[in-house]
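S.K.: Pasting a predicted model and its sequence here:
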Amino acid sequence: MHRVEREVRPPWPFRLPRAGPDGVARREGAVLERLVHVEGRAVHVRAAQPQATRVLLVARADEEDVAQEAITRMRFALAVDDDLRPFHEAFRDDPLIGRSVRARPELRISRRPEPFEALAWAICEQLIEFREALAIERRMLARMGRSCPCCGLCDLPAAQTLAAAAPAELEALGLSAGRAVALRRAAREVASGRVDLRDADHERGWARLRAIPGVGQWTVDVLALHGQGRMDRLPAGDLSYLRFAGRRLHDDPRARASEAQVRELFEPYGRWAGLAGAHALGVIPGGGTLRATPPSALTPTSRRPARRPARAGTRSSAPGPRWRAA
C-alpha cells in the first residue's frame, strides 16, 4: 500500500468544505475524506486544513501513481488551487453580488473529482424536489456503488455499471422511465469512450450528450460547472435562478424570470458567471442579511411537500425546489 502526501498553499482564502448530503464524502472534525476511483482502482483520500494557509492531502492506494492522480482530482474537486483574486478585484463592489463577494472571499463552486459524477447526479435531479433526488442517489449508492470495507466509504457506480443496468433496475431506485433511459444512454456514451468528459474540447462532448433525449441545457451546464470546472457556465434554467432573477427584475417575490433573462442578468460576469451565480444565491434580494450558508445551484431546500414533477421538456409552475427538465 502506497501513501502519498501533498501540502498545498492556496493562492486565495480557502476553507475546507463540509461533506455533501449524498453521503459520498465524510467529514470528521477537521478532516474531509472520500473514496476516489482512478481507472477502476480505489483510492482513499483525506484532506485537512491545519492552518488557514495550508491544506494537507493524503492518499492511499496500491500504486503510487494512482494515489498521485487521486490527489490531483481531489485538488480539483476542492478548488484549492483556484486563484480568485481577479474575480474579487473585478466584482467586490458589484451592485448585485459585491456584498457577498466581500463577506465570503473563500466561497467556491463545489466540484466532483470525476466529471461523470456531476453528469449522473444532474440527471437524477431533473424535475424533482432535491430531497427526493437525494433519496434516489443514496439508494443508487447502496445498491450499485463501489464501497471500501477498509475505510467504510462508498463511491458512485462507474459509468460501465450504469451503462449495463437495465432501465427497470434504475426505475426501481426511483427514477422516472425517461430519466432512467437518459442516464443509461449517457453512461454508455462515457463508458464506450465516445464522450470523453476529461477531454479539453468540452463542447464536442456536450453536443453528443445533448443528442440524448432527456439531456438538455441545464444538465450540460451542471456537468460543465461542477464536473469540468467551467466557471463560465451557469445552470440558468434552475428554479433557484429563475426565482432570483424574477425577484430582481420585477421586484415581486412571486415572479419568475425566463432562462434568457437569467443569462442576460449574469452575462456581464463572463468567465465568472457560475461563481457569480453562487454569490447571488447567497444574498437576500432587496436587502437583508447574508444567509449563513448560501444554497448551491444543486442543493436548494424547501419545507413544501414534493409534488408530481412536470413532463420532460416543460417548466414546472408548482412551488418548491424543482429542476428544469433536462
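M.R.: Received the coordinates, thanks. In this text the structure is predicted, and so the values were computed from the model without any measurement.
S.K.: Going along the chain, name the strands of the stretch 51-200 of the chain.
M.R.: Along the stretch 51-200 of the chain, the segments classed as strands by DSSP state E, counting those that start in this stretch run 54-61, 146-147, 154-155.
S.K.: what about residue 35, which helix or strand?
M.R.: Element membership for residue 35, per DSSP states H and E: strand 31-38.
S.K.: what's next to that strand, contact-wise?
M.R.: Outside of strand 31-38, the residues within contact range by CB atoms under 8 Å, 6 or more residues apart in numbering are 16-19, 24-27, 42-48, 59, 61, 66, 69-70, 73-74, 113-114, 146-148, 151, 153-155, 158. From N, CA and C alone the C-beta is placed, and that goes for glycine too.
S.K.: Run me through the strand neighbours of that strand, direction for each.
M.R.: strand 26-28 (antiparallel), strand 41-51 (antiparallel) (DSSP bridges).
S.K.: can you give me the mean pLDDT across that strand?
M.R.: For strand 31-38, mean pLDDT rounds to 97.
S.K.: what comes up buried for it?
M.R.: 32-38 (16 or more other CB atoms under 10 Å).
S.K.: Pull out the buried members of the contacts of strand 31-38.
M.R.: By neighbour count, with 16+ other CB under 10 Å, the contacts of strand 31-38 hold 17, 24-26, 42-47, 59, 61, 66, 69-70, 73-74, 113-114, 146, 151, 153-155, 158 as buried.
S.K.: how about the helices in the stretch 51-200 of the chain?
M.R.: 64-78, 85-91, 98-103, 115-124, 130-144, 159-164, 167-171, 177-192 (DSSP state H, counting those that start in this stretch).
S.K.: Let me know which of those is the nearest to residue 236.
M.R.: Closest to residue 236 of those is helix 115-124 (CB to CB; 14.1 Å).
S.K.: Please export the C-alpha coordinates of the closest one as PDB.
M.R.: Once non-C-alpha atoms are left out, helix 115-124 reads as follows in PDB (Å, rounded to 0.1, in the frame of the first residue of the first chain):
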ATOM      1  CA  PRO A 115     -16.900  14.600 -14.100                       C
ATOM      2  CA  PHE A 116     -19.300  11.700 -14.700                       C
ATOM      3  CA  GLU A 117     -20.400  12.000 -11.100                       C
ATOM      4  CA  ALA A 118     -21.800  15.500 -11.900                       C
ATOM      5  CA  LEU A 119     -23.500  14.200 -15.000                       C
ATOM      6  CA  ALA A 120     -25.100  11.200 -13.300                       C
ATOM      7  CA  TRP A 121     -26.400  13.300 -10.300                       C
ATOM      8  CA  ALA A 122     -27.700  16.000 -12.600                       C
ATOM      9  CA  ILE A 123     -29.800  13.500 -14.500                       C
ATOM     10  CA  CYS A 124     -31.100  12.100 -11.200                       C
END
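S.K.: that older thread, switch the buried residues of strand 31-38 over to a markdown table; also include distance to residue 122.
M.R.: Formatted as a markdown table, the buried residues of strand 31-38 follow (distance: CB to CB, whole Å):
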| residue | distance to residue 122 |
| --- | --- |
| 32 | 22 |
| 33 | 24 |
| 34 | 19 |
| 35 | 21 |
| 36 | 19 |
| 37 | 19 |
| 38 | 22 |
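S.K.: Spit out the contact partners of the closest residue to residue 90 other than its chain neighbours.
M.R.: Closest residue to residue 90 apart from its sequence neighbours, by CB to CB, 6 or more residues apart in numbering: residue 272 at 7.5 Å. If a contact means CB under 8 Å, 6+ apart, then residue 272 has 87, 90-91, 231-232 as its contacts.
S.K.: Tell me what residue 41 is bridged to.
M.R.: Beta-bridge partners, per DSSP bridges, of residue 41: residue 38.
S.K.: Let me see the contact set for it.
M.R.: Residue 41 makes contact with 61-63, 66, according to CB under 8 Å, 6+ apart.
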